[in-house]
Structures are given as C-alpha cells and as structure tokens.
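1. here is a sequence together with a model predicted from it:
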Amino acid sequence: MLIFSIETWRITLFSISVGLAATLLILPFGIALAWLFARKEWPLKSVLETIVLLPLVMPPVSTGLILLKIFGRRSPLGQWLYERGIEIVFNWKGVLIAMSVMSFPLLVRSVRTSFAEVNLRLEQIAATLGASPLRIFFVITIPLAYKGIVAGALLAFSRALGEFGATILLAGNIPGETQTLSLAIYNFVQLGKDPEAYTLLAITVALAFVFVWCSEWLVRTGRKT
Amino acid sequence: MLLRCRIPLAHFELDIEVSFDARLASIFGPSGSGKTTLLDAIAGLRNITTGEIEIDGRTLFSSARGINRPPQERGVGYVPQEGALFPHLSVRKNILFGAGRSTGTSYARDIGVEHVLSVLEIGGLLDRPVTKLSGGETQRVALARAILSQPRLLLLDEPLASLDLGLRERILPYLARVRDEFKIPMIYVTHNLTEVLTLADWVLMIKQGQLITQGIPREALRSSHAILEIPEEQFENVFTVSLVDSDAEAGRSKVRLQSGEELFIPYLSRPGSDTIQIRISADDILVAIKRPEGISAGNVLPGTVRRIDAINGQAMVTVAAGDEFYARLTASAVKRLGLQEETPVFLIMKTRSFRSL
C-alpha cells in the first residue's frame, strides 16, 4: 500500500527543485567545457578531461568527503564563505553542490558527444560567410546539438535526483531541510516505515523511467542531422 | 585580380601565381591532388604553418610577417562539394545568412537578393526546409548564399561532382550565368575537363600538390604533360556557337562557329539567335588526307594541321579549320597519314557525336 502524504510530496518537491536548480547551475559551465573538449586542443587536455569524469567513477562518499573538506568551515573557502554569511554544509546548499558535482560529468559527456557530431564544415562555412565565433556557436552549433544538450541535461537531472553518498556527507540527512528522495527512502527503511519507503520508491522509478526514456529518444532522433 | 599562394601540401609546396580578370580560373586535377586543401587554405579554414596567400595585393596569410586573417575577414565565399547548407534553417535563412556582413569593406558590390534569386532560379524554394531540396537545388542555394555574402573571391569545390550526368549539364549553365552576371572572380576546382573547357578562362593543372601547367585552357591542356593526366573519356572540344536553323524531320540543327564555319549537330528545339555551347570528344574526330565521299557523317571540314603533341603512343593533333579542333589519334595513324605541321587535312565528325550544353 502506498501512502501519498504531504510529507512524501514535500520530499519529492524538494528533490525535484534542488535537482532542477543543480542542473540549471551546471548547464552553462557544462556546455562551455563540452565545447572546449569537442573543438579545442591544448596541452594536458586529457588530464582535465579525466578530472571532470572522476565523480562518475569514484565512490560518491569519497567525492562527498572531498566536498566537505573544501566547503567545511575549517577550509579557507568555507571560512571565506562563512564570513560572507554563506554556509554550504548541512543545509539545502550542500544538497545543491553535491548534486551539481555528481551530475556534471554526465552532462559534459553527453553534450560533448553531440557537439562532436555537428559537422565541422558547417561551422567553417558560417565563418566564411562572416559569422563571428559567438554567432556560429549560438546559431549553428547549439541548434544542431540541442537534442544532445537536452538529453544530457535530463540525464544530469536524473543523476541529481538519485544522489545519495555525496549528499549525506556534505548536507547530512536532516528531515525537512536536506532530506532528498534517496535519503528519505533510506531513512524510512531504517525506521521500518515500509509503506512510505515504497511510495517514494515508486516515485523514483517513475521519474527515472520518464527521464531516461526521453533522453534516449532525444539522442536517437538527434543523430539524424 | 592577382592571387599568389605558397602553401605546403603533403608532399610538395604548391606555389602558384594567377592573374585573371574578374572571371573564372579552374584548378584541374585528379582526386587527392591537394585541390581542396588549397581552397581551405585560401578561405582560412586550414591551419598552415608556412607560406603566403595574397589577393590583389592584400595579404590574407603570411607566416613570415605573422599575418593570418580569420575566415570572417577574408571576404572569400566558399561553396564546398556537398553544399554544406545549414540543415536546421530554411532556404531563405541559409541564403541570407551572410547577407548582413558589415565588415565595412569597400569591395562589396552590393549584389541584390532578387538578382541572385532570378539568375539561379531559386525564388520558389525560399520557404522549403533544406532537407527537402534535390542535389541541383542544394548546389544553387549554396551558391546563392556564398554570392550574397558579397565576397571578393568565390571558391567552388567540385560543385557538380555529386550530381549525375544529366543534372550536371543542367546546372552548368547556371554557373556560367553566375560568372557573367556578378563579376566575382571565381576559383573552380574540378576533375572534369568539360567543366574546365566550358567555364574557365584560366586553368591550373595540379597533381599531387604540384603545378603541372597553367594557361588558357585550350592551350594549356594540349601540352604533352597535360595529355597524360587527362582521363581517356574527358578530352573534348568545346565551342560556343550560334544556332542557324533547326530541322526536326531531318533530326539536325545547323550551328555557326565563331569563325563562321557551319556544323550540323543533333536536333535542338531552341529559338533562333540563341548562343549555345557544343562539344565533341577528341576521340570522335576522324582525320583524312583526302576529302572522303559516300559517308554518313554530316560534317566534313577542310583544315590544316597546326601542331602535333605526341606522347606514349598517342598524339593530340591540333587542326585549324576555322576554329581549332583537337583530335586524338594513335601514333601509328599519324605516321600512316604522314601528318606534320601544315599538312592539309579533312576533319570528319558525325552529327550525333556532338552534344550541346
């Protein structure tokens, strides 16, 4: 039996909102970096590529611990932010950072592939027609790669919703404050509240299915151009 | 216009200097001889390490002086082989893509959109998605797009290569009209001799990045170096003629060469004063030393041998019969007939061996 209480909806809404915010936050950086990876060469490029991909393969808890060390109040950055009234750790901002960092590699990988599939000749011809690099990027490259970009954003968003390990280290598992879908499921199971856990489980399965399905469809149809 | 290029290619450094007057220079050579590389370098799409490119005294690239203008500032229009239309934009947006160029350059001739549309006959395609265009339409739209960016030089990379023969002959006249209407100097890359002889008033023959010969096409291409490089089926005579009359029942039309000589070609249903181009393969012209009688061929022209270029068992015989004709014979035929310069001969050409463009 599923229980769609106010609490389950609130948890769902919180997860979706922060996940969405994380996706929007990383989108411009992800697109810029993916474009650089797809179109430019520089020394030690592969080192940067590897670093960006690390959160994809590292244990999320390890990534979370690194983030905690970076943003914790005892670190220079954490200290600097704290003095300006910004605290990342153990509140929703920590969730946002954890989700962003964990989804970033998926976004970059997906967008990079779609940039690489845009025929370079079209960009070159646009240049001979007088288009500035910026105009080429926004009028040729982005529209031709947009399906891959949307697919990448969807994938990143799904990954953000599923985030657990890094979130719990950086933001904790505070009901009503940092508790995401994944954290709440874990919590309910621990407390023996199976109906609540299964309700959230059903929601995550439904969301994941829709996102992955849309993402795959976009990638498939995007290849044609 | 003067184009000077010194560009390192895979095996050789290509060093060319072409001076041509607001018309069309053709780069002729087999695939893989570095033609596209050359165009890319001129347009600024390929990074080259050494060399120099100069148009009309304006340096586009010079490794020695550290000049490398970006493609946006070169004023070079480029029509690549596959057309490279932007697939997500309509025909209209493709054509107008470069029309807003505001580089403040004085070379812009202000070519009007309507003018280009009418010359290329693409006014009816404007609202179509480019994915719904045929091969010939794609090439014409790509050409219009490049012209409307008001370039000072237009590069065409085998624009007809991807089209089948019939379509190629229908698009060729459009290229001739572009050449005559807009007065933009053009560099036209091709491996098709007919296109060279039909369109170009200067030809650069390159092979593996090396310049073999250059000059006025009809003269440059009969040199013995050139003959070896031209594919068998491609050595052709191309003439600009005026239509005298047409007889549907007889199945032939009479045309007049610029020298005044008259020829019969297969029936053409075109209005009287039309100027057309006709061609005949150098392999389809027979040479006789006596006037033949009782033969079916509709054209027998008296003439005089001007030149014989012999190489590897074949000979290109240039005969002045009003205009100059090229006939390709075997070395044995030249010997048997005792042909040499100033030998009076008769050229025999079947009416049906002529094709018109």
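-> Perfect, I can see it now. Numbering: from 1, shown residues only, chains lettered A, B, ... in the order given.
2. give me the number of residues near A:Glu177?
-> 14 (other Cβ atoms under 10 Å in any protein chain shown). Heads up, the C-betas are built off the backbone N, CA and C, glycines and all.
3. now swap in the one 3 residues further on and tell me
-> Around A:Thr180 there are 29 other residues, counting by other Cβ under 10 Å.
4. with B:Ile285 instead?
-> B:Ile285 has 23 neighbouring residues, counting by other Cβ under 10 Å.
5. try B:Asp283
-> Neighbour tally, B:Asp283, other Cβ under 10 Å: 16.
6. hmm, it is touching B:Arg328, no?
-> Yes. Counting by Cβ atoms under 8 Å, B:Asp283 does reach B:Arg328; the two are 5.3 Å apart.
7. phi first, then psi, for the residue of chain A found nearest chain B.
-> As assessed by Cβ to the nearest Cβ, chain B sits closest to A:Leu129 within chain A, at 3.0 Å. When read as degrees, to the nearest 10, the backbone of A:Leu129 gives phi -80, psi 0.
8. need the contact list for it.
-> B:77, B:97-98, B:101, B:145-146, B:149 (Cβ atoms under 8 Å, 6 or more residues apart in numbering or on different chains).
9. could you find the closest non-adjacent residue to it?
-> B:Gly98 (3.0 Å; Cβ to Cβ, 6 or more residues apart in numbering or on different chains).
10. could you look up the SS state of that neighbour?
-> Of the three states, B:Gly98 takes coil under DSSP: H, G, I helix; E, B strand; the rest coil.
11. contacting residues around it?
-> Contacts of B:Gly98 by Cβ under 8 Å, 6+ apart are A:128-131, B:77, B:145-146, B:148-150.
12. next step: these restricted to helices.
-> Under the assignment DSSP state H, those contribute A:128, B:145-146 to helices.
13. who does the host helix or strand of B:Leu154 pair up with?
-> Assessed by DSSP states H and E, B:Leu154 sits inside strand B:153-157. Its sheet considered, strand B:153-157 pairs with strand B:76-79 (parallel), strand B:186-190 (parallel) by DSSP bridges.
14. deepest in the core, which of the ones you listed is it.
-> Per residue and on average, the most neighbours among these fall to strand B:76-79, with a mean of 27 (mean count of other Cβ atoms under 10 Å in any protein chain shown).
15. now it - C-alpha only, CSV.
-> The C-alpha trace of strand B:76-79 is given here as CSV (Å, rounded to 0.1, in the frame of the first residue of the first chain):
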residue,chain,number,x,y,z
VAL,B,76,36.2,34.7,-49.6
GLY,B,77,33.0,32.9,-50.4
TYR,B,78,33.2,29.1,-50.4
VAL,B,79,30.8,26.6,-52.0
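16. for the chain, longest helix please?
-> Went with chain A since none was named. Taking DSSP H as the criterion, chain A has its longest helix at helix A:6-39.
17. that's the wrong chain, I wanted chain B
-> helix B:165-182.
18. and it, how far from the chain's centre?
-> 10 Å (Cα atoms, centre = their mean, to the nearest Å).
19. buried stuff in that helix?
-> Of the residues in helix B:165-182, B:167-169, B:171-172, B:174-175, B:178-179, B:182 count as buried by neighbour count, 16 or more other Cβ atoms under 10 Å in any protein chain shown.
20. now what about that helix, what contacts it?
-> Residues contacting helix B:165-182 (Cβ under 8 Å, 6+ apart): B:23-24, B:109, B:111, B:115-116, B:119-121, B:134-136, B:139-140, B:143, B:147, B:156, B:159-160, B:163, B:184, B:186, B:188, B:195, B:198-199, B:357.
21. which of the residues you listed count as buried?
-> Buried members of those, scored by 16+ other Cβ under 10 Å, are B:23-24, B:111, B:116, B:119-120, B:135-136, B:139-140, B:143, B:147, B:156, B:159-160, B:163, B:184, B:186, B:188, B:195, B:198-199, B:357.
22. among the residues you listed, which lie within helices?
-> B:116, B:119-120, B:135-136, B:139-140, B:143, B:147, B:195, B:198-199.
23. which one of those sits closest to chain A?
-> Comparing those against chain A with Cβ to the nearest Cβ places B:Ile147 closest, at 10.8 Å.
24. so how far is B:Gly98 from the closest one?
-> 9 Å (Cβ to Cβ, to the nearest Å).
25. one step back: lowest-confidence one in the buried residues of helix B:165-182?
-> Within the buried residues of helix B:165-182, B:Glu169 has the lowest pLDDT, namely 79.
26. pLDDT below threshold where in the stretch 1-150 of chain B?
-> Low-confidence segments of the stretch 1-150 of chain B (pLDDT under 70): B:1, B:9-12, B:19-22, B:100-109.
27. what residues does chain A have near chain B?
-> A:119, A:121-122, A:124-132, A:140, A:143-144, A:225 (Cβ under 8 Å from any Cβ of the partner chain).
28. walk me through the regions of chain A where pLDDT falls short of the threshold, as ranges.
-> Counting by pLDDT under 70, chain A has low-confidence residues at A:1, A:222-225.
29. if we go to 90?
-> Confidence mapping of chain A against pLDDT under 90 gives the ranges A:1-8, A:72-74, A:78, A:85-90, A:147-148, A:151, A:162, A:175-176, A:208, A:210-225.
30. quick one, helices of it?
-> Under DSSP H, chain A gives helices at A:6-39, A:45-57, A:60-71, A:76-83, A:92-116, A:120-128, A:133-135, A:142-162, A:165-170, A:181-190, A:194-222.
31. can I get those helices in TSV with mean neighbour count?
-> Formatted as TSV, the helices of chain A follow (neighbours: other Cβ atoms under 10 Å in any protein chain shown):
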stretch	mean neighbour count
helix A:6-39	18
helix A:45-57	13
helix A:60-71	18
helix A:76-83	13
helix A:92-116	24
helix A:120-128	21
helix A:133-135	12
helix A:142-162	23
helix A:165-170	24
helix A:181-190	19
helix A:194-222	16
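32. quick one: closest of those helices to B:Ser253.
-> Judged by Cβ to Cβ, the one of those that comes nearest to B:Ser253 is helix A:120-128, at 41.7 Å.
33. so which elements touch the closest one?
-> For helix A:120-128, the elements it packs on are helix B:71-74, strand B:76-79, judged by 3 or more Cβ pairs under 8 Å, 6 or more residues apart in numbering or on different chains; DSSP states H and E.
34. now with 10 Å?
-> On a contact count with 3 or more Cβ pairs under 10 Å, 6 or more residues apart in numbering or on different chains; DSSP states H and E, helix A:120-128 meets helix A:6-39, helix A:133-135, helix B:35-43, helix B:71-74, strand B:76-79, helix B:135-147.
35. quick one: contacts for B:Leu268?
-> Taking Cβ atoms under 10 Å, 6 or more residues apart in numbering or on different chains as the criterion, B:Leu268 is in contact with B:243, B:246, B:248, B:252-255, B:274, B:276, B:278, B:356.
36. residue contacts, the residue nearest the centre of chain A?
-> Residue closest to the average C-alpha location in chain A (Cα atoms, centre = their mean): A:Ser103, at 2.8 Å. A:Ser103 is in contact with A:19, A:22-23, A:25-26, A:30, A:55-56, A:152-153, A:155-163, counting by Cβ under 10 Å, 6+ apart.
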